[in-house]
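Student: After the sequence you'll find the predicted model.
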Amino acid sequence: MPDAGEGELGGNALAVTIGSRMRTVRHQMGLSLEAVAAMSNGKFRAAALGAYERGDRVITVPRLQRLAKLYDVPVDQLLPPEDTGGSGRPESDGTGTLHSARVGHQTISIDLATLNEGGGPEHDVLRRFLGMIRVRRQDFNVRMITIRNGDLRMIACLVGVTPNAMDHRLDDLGLLVEA
């Protein structure tokens with residue numbers, strides 16, 4: 001039962017999706033429901049955790065925050081990916097290039113030619129990271145690469161800024177390709 005004044009993350013589909021993420025994180029950590037209950041010193045019961053994971057019960061935001069702290073992960077790791085047109089998954093253009101939502105549902109595309117002409121630590125980090133993405137995707141378009149929000153967050157982390165600041169920095173460097 002939610003505490004008075006605590007907001008619920010509601011909607012059955014959302015509860016199921018959040019529960020699935022919670023289960024995935026728990027499994028990746030190699031923990032059983034009972035182990036999590038024991039780790040929480042009674043703050044979470046195994047039965048309640050199972051109900052959250054199945055989507056049978058809606059978890060409140062404060063409890064989700066406590067669970068994230070217990071798992072030692074950022075709370076956004078327990079949330080579904082940002083919505084990219086209703087599916088919750090990145091969209092493909094049919095060529096293997098993944099697209100993701102950005103403010104206003106734009107995509108983030110980086111001009112590789114401009115990137116390769118530039119110098120400095122930011123350009124070096126971007127060249128290495130985007131090179132790895134291109135190899136993994138087998139996307140060898142020489143003009144541009146479209147990146148996902150998760151990629152932008154990772155680049156921002158590597159550079160030491162917020163994703164929003166990184167988006168602006170890419171624009172300042174003249175690396176963004178207008179959609």
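Tutor: On my side now, so go ahead.

Student: C-alpha from now on. contacts and neighbour counts both.
Tutor: Noted.

Student: Quick one: find the helix or strand in the protein with the lowest mean pLDDT.
Tutor: Using mean pLDDT, DSSP states H and E, the weakest-scoring helix or strand in the chain turns out to be strand 98-99, at a mean of 34.

Student: Next SSE downstream of that strand?
Tutor: Note on strand 98-99: by DSSP states H and E, the next helix or strand toward the C-terminus is strand 108-111.

Student: Got the domain ranges for the chain?
Tutor: For the chain, the domain assignment from automatic domain parsing gives the residue ranges 12-78, 91-172.

Student: These: which one's closest to E178?
Tutor: E178 lies closest to domain 91-172 among the domains of the chain, at 7.4 Å (CA to CA).

Student: wait, doesn't V75 sit right on R63?
Tutor: No. At 10.5 Å, V75 does not count as touching R63 under the criterion of CA atoms under 8 Å.

Student: Please identify the most buried of the domains of the chain.
Tutor: Most buried of the domains of the chain, by mean neighbour count (mean count of other CA atoms under 10 Å): domain 12-78, with a mean of 17.

Student: E178 - that's part of a helix, no?
Tutor: No. Under the criterion used here (DSSP: H, G, I helix; E, B strand; the rest coil), E178 is coil, not part of a helix.

Student: Who is the nearest residue to it once chain neighbours are set aside paired with across the strands?
Tutor: In space, E178 comes closest to S109 once its chain neighbours are excluded; the distance is 7.4 Å by CA to CA, 6 or more residues apart in numbering. Per DSSP bridges, residues listed as beta-bridge partners of S109: T146.

Student: So for S109, what's the pLDDT?
Tutor: Taken from the predicted model, the pLDDT recorded for S109 is 90.

Student: Show me where this protein has its helices.
Tutor: In the chain, the segments counted as helices under DSSP state H are 12-28, 33-39, 46-54, 61-71, 112-117, 121-137, 149-159, 163-172.

Student: Thanks again, I'm all set now.
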